[in-house]
Structures are given as C-alpha cells and as structure tokens.
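> Could you look at this predicted model? Sequence included:
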Amino acid sequence: MTHTPANTQPYPFAKRVPAIPPIGAAQASSRSDTIPLSFGAPHSDTFPYDALNDAASEAILSQGRDALQYAGASGPSFLLDWIAARSARRAINVEPSQVLLTYGSQQAIDFAARTLLDPGDHAWVEAPTYFGAVSTFRTAEAVLTSFPIDADGLQTDEVEAALRAAVKTGKPIPKLLYVMPNFHNPGGVSLSLERRKKLAELAVEFNFFILEDDAYTELAFEEQALPSIYSFAPERVVYLSTFSKTIAPGIRLGWAIGSRDVISRMNTFFQGSKASVFSQEIVAQLLKKLPFEEHIAKLNGLYRANRDAMVSALKQYFGDDVRFEVPGGGFFVWLEFREDVDTSQFVQDAYERGVSFIHGKQFFVKPEGARFARLSFSYCDEERIHNGVKLLADAYYAYVDNK
C-alpha cells in the first residue's frame, strides 16, 4: 500500500492529457468467453509464424552485432526501399528518403500532428472517424470540426462549402484534414476517385495538409486499388500506412510518406533514435523471402469469408431492422439502426450475453452517432462471428421490447 504524506499538495498535471473513456465494455474486462466483435485486430491465424521465426533467427545470427545497436544494420534501409517501391501501386512515386518508419501508424499520426498543429489550430475530421486519431489531435490541443461520410467516403462538397464560407467570413480554416480513404474505420467505405481529386485540389487551394491514413489498403477483397490522395497533391499530403494489418501488430512498425521537409521535421521527434531497428531488421529479413502477394491473397481470402459470414448473419438475425454498406475490404461493418435507437444502451446487456461491440458515439467528436455501432469481422472465426451476431440481435430486440 502506497503511503501519501498528509502535507502532499495536489499536482497540476498538464491539461493537454485527455480524459479518455474506455472503448467498449469487453476491452475493460478479461472475460475469455466473450465473442469480441469489438476487437479491430487481425486474426491470429494470419501471422506468418514460421517465416517470422526464421527472419528473427537470421536477424540475430547474421546481423545481430549491428541490428541490436542504435542505428541497426541493413534492415532499415531495405525497408525504406521496399516501402517506396510498394507505394508505387498507389501511384505514390517517392525516394526512400521521403519515408519515415515509426512505431506503428499511431505514432506517425502523433508526429504529423505535432509537426503540423500548434495549440488552437483547427483540424477537420470525418464523422465518424478513428478515435485514436481524435485523441491525438485533442492532445495536440487542436480545435476539431467533423464532416459526414456516405457510401463514397467523406462528403467533399460539405468540406468545400465550409472552406469557402470560412474564407468569406474570416473564420479559421484547418491546418490539417484527417481522412481514411480505403475501407474506413469504422465506416467500411472507400473514398471515390472524384472525391480524392477534389480533396487534393482543396488542400492546394486553401493551403492545408491532408493526413491520409491508409492502414487497410492491402486488404481489398474485390476492388481495384484507387490512386492515393497523395498522388494528386504530394506537396500537401502526408500518407500513412502500417505492417500491423499485413504482418502482425506486435512488431509495431508503420510509416509516413511526405515531402522531404515534412519528413525531416517529423523525424526530429525521435530525438536521435529510431523506431525499433531490430524489428525493422526482422521484417526486412521476412520480406526478402516471404512471397508477399501469396501472403496477402491468403489474408484476403480469410477476411473475405469472415465478412461474408457477418453479412449473412446480420441479414438472418436483423433483416431490415439495420442498414449497412457491405465493405469491399478492411475489418469493419458499420451498422445504422433507426433514429430512436441508442446502441450504448445495450452494450452491457450484449456483453453479459457473451458478445462485445463498440457503440457509435465513440467515433464522433460531437455528441452524435447514438444509432450506430461498429462490428469487426477480422478477429473471430466464422462460427464465432455468426454466434456473436445472434447474441447481439438478442440484446438489441430485448432493448427494443423494454423501451
């Protein structure tokens, strides 16, 4: 037991540290029997265990003396080359010096926010949006404004109207606009080609940066990859992605791509160190031997089957009582209930029945989104997905009956 002296005064902690509520009932508990449709995590069967084991051994045996030092061995430079080459598939043509490796894409969001935002600057986001990014922008003491999405992603006409109105009335315009163009978290939708071009045009015209978070880009089940927003305005976009969804989240490696000026500024936040050079060495050794296209095809086969299982179960147990877009990739299905539903009111009952999900209000910066819910089809197998959706329906209809 910690003893606090009687004369100890309250300490004035930094106000920038946000009070973050727990995200989803299941994530605050260690119950192992719950079906976690709240978990936006990869399926553990997708991790290339044998290949990672061989890569880690190779990193130790052949590169260990350098790989375990601060600067690392050859792995970091190999990864920069590999990422630059792979990015050409998204019409991103950059030199390796324009790539910054980070501890997952979350750190890249943080470094970009610290580079682009001063306290009081405005950041615009989608509604709904990824709550991890919202937390980062709030910690940066940004003023947040949100704009709706639809089946084609962020509604750029509303963004344009707001920009023009702000200029006309002398109100602030954003320093940063955060968007997820492919298989949106939580919306599951992708930004249309026309809207990608429009956002790029607006960023150049109004002189703000777009933070393009493309974590799920490789997980495309049917769709052809569209060009990145970056490709239309490389001088005003920072592009982010990650190995968390394609190799494993535990390796904690993501990256940012931008102009040399932006990347050099973001790099200063490492204070002379780098994102785990040993993890970089392992991933480099892995990618030298792993047939990556076959690996991605395996992932997408599993996730496509999981998505189909979830869509089938939703239609079976909810019928027309819920609406959703069938995602063409990624991890998530975004449910929309009728106007008078508040999904936060049956989160606990669903959890007690044996399934977790995340209610919609968690994904908005304003007090809205009560009738929405996010389900993840990535973490569980098809049978558990089916059973989890049934338990969710039981909780929902019990809520409706009790209203």
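Looks like it came in fine.

> Check the separation of the first and last residues in stretch 166-181.
Stretch 166-181 has its terminal residues 25 Å apart, counting by C-alpha to C-alpha, to the nearest Å.

> next structured bit after the helix or strand encompassing Q106?
Assigned by DSSP states H and E, Q106 belongs to helix 104-116. Note on helix 104-116: by DSSP H and E, the next helix or strand toward the C-terminus is strand 122-127.

> mean confidence for the helix holding Q106?
For helix 104-116, mean pLDDT rounds to 96.

> so what secondary structure elements neighbour it?
strand 99-102, helix 131-139, strand 176-179, strand 209-213, strand 237-242, strand 254-257, helix 260-267 (3 or more C-beta pairs under 8 Å, 6 or more residues apart in numbering; DSSP states H and E). From N, CA and C alone the C-beta is placed, and that goes for glycine too.

> Among these, which comes closest to A51?
Among these, strand 237-242 comes nearest to A51, with 18.4 Å by C-beta to C-beta.

> Could you give the secondary structure assignment for G40?
Here G40 is coil, with the state taken from DSSP: H, G, I helix; E, B strand; the rest coil.

> Contact partners for G354?
33-35, 388, 391 (C-beta atoms under 8 Å, 6 or more residues apart in numbering).

> what does the longest strand anywhere in the chain rub up against?
Identified as the longest strand of the chain according to DSSP state E is strand 143-150. Strand 143-150 is contacted from outside by 120-129, 134, 137-138, 154-155, 158-159, 162, 172, 174, 184, 187, 189, 364-366, using C-beta under 8 Å, 6+ apart.

> I'd like the helices and strands packed on helix 104-116 laid out as a markdown table, including mean neighbour count.
Formatted as a markdown table, the helices and strands packed on helix 104-116 follow (neighbours: other C-beta atoms under 10 Å):
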| stretch | mean neighbour count |
| --- | --- |
| strand 99-102 | 25 |
| helix 131-139 | 20 |
| strand 176-179 | 27 |
| strand 209-213 | 27 |
| strand 237-242 | 26 |
| strand 254-257 | 25 |
| helix 260-267 | 17 |
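
> Low-confidence regions, this protein specifically.
Scanning the chain with the threshold set as pLDDT under 70 gives 1-4, 17-31.

> longest single helix anywhere in it?
Ordering each helix of the chain by length in residues (DSSP state H) puts helix 292-318 first.

> Does anything pack onto whichever helix or strand comes after that one? Which helices or strands?
Next helix or strand after helix 292-318 toward the C-terminus (DSSP H and E): strand 332-336. Helices and strands touching strand 332-336, by 3+ C-beta pairs under 8 Å, 6+ apart, are helix 292-318, strand 372-376.

> With Y11 as the reference, name the closest of those.
Across the helices and strands packed on strand 332-336, the minimum distance to Y11, taken as C-beta to C-beta, is reached by strand 372-376, at 36.5 Å.

> sorry, back to before: let's have the helices and strands packed on strand 332-336 in a markdown table, adding mean neighbour count and distance to G360.
Shown next, in a markdown table, are the helices and strands packed on strand 332-336 (neighbours: other C-beta atoms under 10 Å; distance: least, C-beta to C-beta, whole Å):
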| stretch | mean neighbour count | distance to G360 |
| --- | --- | --- |
| helix 292-318 | 17 | 15 |
| strand 372-376 | 26 | 3 |
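
> For P12, find the nearest of the ones you listed.
So among the helices and strands packed on strand 332-336, strand 372-376 is nearest, using C-beta to C-beta, at 36.2 Å.

> and that closest one, what other elements does it pack with?
Using 3+ C-beta pairs under 8 Å, 6+ apart: strand 372-376 touches strand 332-336, strand 358-359.

> Switch those strands over to CSV; also include mean neighbour count.
Formatted as CSV, the helices and strands packed on strand 372-376 follow (neighbours: other C-beta under 10 Å):
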stretch, mean neighbour count
strand 332-336, 22
strand 358-359, 25
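
> Stretch 281-290: which residues count as buried?
Neighbour-count burial for stretch 281-290, counted by 16 or more other C-beta atoms under 10 Å, picks out 281-287, 290.

> just how off-centre is that stretch within its chain?
Chain-centre distance of stretch 281-290: 24 Å, with C-alpha atoms, centre = their mean, to the nearest Å.

> So what touches it?
Contact partners of stretch 281-290, identified using C-beta under 8 Å, 6+ apart, comprise 48, 51-52, 54-56, 58-59, 63, 67, 72-76, 78-79, 82, 243, 247, 251, 253.

> From the buried residues of stretch 281-290, pick the one nearest A305.
For the buried residues of stretch 281-290, the closest approach to A305 (C-beta to C-beta) belongs to L290, at 22.0 Å.

> What separation do you get for that closest one and F47?
L290 sits 12 Å away from F47, taking C-beta to C-beta, to the nearest Å as the criterion.
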